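Colleague: Sequence and predicted model, in that order:
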Amino acid sequence: MALQLLETADYTEMSRRAADIIIKQVKEKPNAVLGLATGSTVLGVYRQLAADHRQHGTSYRLVRTVNLDEYVGLGPDHPNSYRYYMNQHLFAHLDIPLHETHVPDGLAADLDEECRRYERLIDELGGIDLQLLGIGRNGHIGFNEPGTPFSSPTHVVKLAPLTREANARFFPSLDDVPRYAITMGIATILRSRRIVLLASGEEKAEAIARLLEGVVTPDWPASALHLHPDVTIIADCAALSLIPKEKRKGDAP
Ligand SMILES: O=P(O)(O)OC[C@H]1O[C@](O)(CO)[C@@H](O)[C@@H]1O
């Protein structure tokens, strides 16, 4: 059990290192299943993947993708839905067939059935080869809020006030931020063959410090990653600012 820690000078280098890992994965396995995330942190990675596709022609024609989460009540045309985000920021810039890209359906009439369908879908695709993650300030991964059991499959979650406040920057007002979301569960994430978690900026420093402390508890969802055999954390200096310099190299506890 070891988290591998990669320190980068800044956001751009963090994004480039993560994009390189994804590009290598796709070259090694052209029909790879990529688990994708949304949010601000991963935007630079998507820009790098788009640039690489344009300049070097890396092909995603056979790649399949599954996203971590989606807001309940927002459809694909809603500018704040994660489906819309993925189309805008990544899929429109690659040669990936849109029908091979999957995001939970936040408008499903039966949300519990949608969660079960999503779990089955991931299995039918053969599981996730590489899962990209951001981290919330309260330690959430996907939308798995503190207290979520590590055994959880894809499920509907009530968003924590801190998460709604953090994401309010994308909405006209806090009141417009959805109260519920569908998210892959911790167990779903842990079934991925490889996990890459990104963190940038001082506002993630506490989250990363707590993750690297190594205490494994559902109160800090990201700590479940200590139970996975192949996790790489790519974090910039600012996100590592609470970690003593001598502990920044090599494997985390
Ligand atoms: O990258 P950000 O915007 O800080 O978000 C961190 C995490 O929080 C979420 O946006 C959910 O709130 C995840 O999708 C993301 O990985």
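Modeller: Alright, I've got the coordinates.
Colleague: Make sure I have this right: Glu113 is in a helix.
Modeller: Yes: read with DSSP: H, G, I helix; E, B strand; the rest coil, Glu113 is one of the residues of a helix.
Colleague: Start at 880, not 1
Modeller: Sure thing, new numbering starts at 880, so read that last one as Glu992.
Colleague: Within range of the ligand, give me the residues from the stretch 1030-1132 of the chain.
Modeller: Within the stretch 1030-1132 of the chain, the positions near the ligand by CB under 6 Å from any ligand atom are Thr1042, Asn1046. Backbone N, C-alpha and C define where each C-beta goes, glycine included.
Colleague: Okay, the residue of the stretch 980-1129 of the chain at minimum distance from the ligand and Gln883: tell me how far apart.
Modeller: Per CB to the nearest ligand atom, the residue of the stretch 980-1129 of the chain with the smallest distance to the ligand is Gly1013, at 2.4 Å. Per CB to CB, to the nearest Å, Gly1013 is found 17 Å from Gln883.
Colleague: If you count surrounding residues, which of the two has more?
Modeller: Between Gly1013 and Gln883, counted using other CB atoms under 10 Å, the more crowded position is Gly1013 (21 against 13).
Colleague: I'd say Ile1020 and Leu1076 touch.
Modeller: Yes: here Ile1020 reaches Leu1076: they are 7.4 Å apart, a contact under CB atoms under 8 Å.
Colleague: hey, what's in contact with both of these two?
Modeller: Common contact partners of Ile1020 and Leu1076 (CB atoms under 8 Å, 6 or more residues apart in numbering): Leu1012, Gly1013, Ile1014, Ala1101, Leu1104.
Colleague: show me what contacts Thr891?
Modeller: By CB under 8 Å, 6+ apart, the residues touching Thr891 are Gly923.
Colleague: element containing it?
Modeller: Using DSSP states H and E, Thr891 sits in helix 890-907.
Colleague: following that helix, which helix or strand shows up next?
Modeller: From helix 890-907, the next helix or strand downstream (DSSP H and E) is strand 912-915.
Colleague: Thought Arg1048 was touching Thr959, still the case?
Modeller: Thr isn't right for residue 959; it's Asn. No: assessed by CB under 8 Å, Asn959 is found out of contact with Arg1048, at 10.8 Å.
Colleague: Which one's more surrounded, these two?
Modeller: Applying other CB under 10 Å to Asn959 and Arg1048 shows that Asn959 carries more neighbours, namely 15 against 9.
Colleague: and the more buried one, that one's in a strand?
Modeller: No: counting by three-state DSSP, Asn959 is not part of a strand but coil.
Colleague: and it, what does it touch?
Modeller: By CB under 8 Å, 6+ apart, the contact list for Asn959 reads Tyr950, Leu953, Phe1049, Phe1050.
Colleague: Just the helices from the stretch 880-1029 of the chain, written as ranges.
Modeller: Here the stretch 880-1029 of the chain has its helices, by DSSP state H, counting those that start in this stretch, at 890-907, 922-935, 961-968, 990-1003.
Colleague: Throw those into CSV and include mean pLDDT and distance to Val1094, thanks.
Modeller: Shown next, in CSV, are these (pLDDT from 0 to 100; distance: least, CB to CB, whole Å):
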stretch, mean pLDDT, distance to Val1094
helix 890-907, 98, 25
helix 922-935, 98, 28
helix 961-968, 98, 30
helix 990-1003, 98, 28
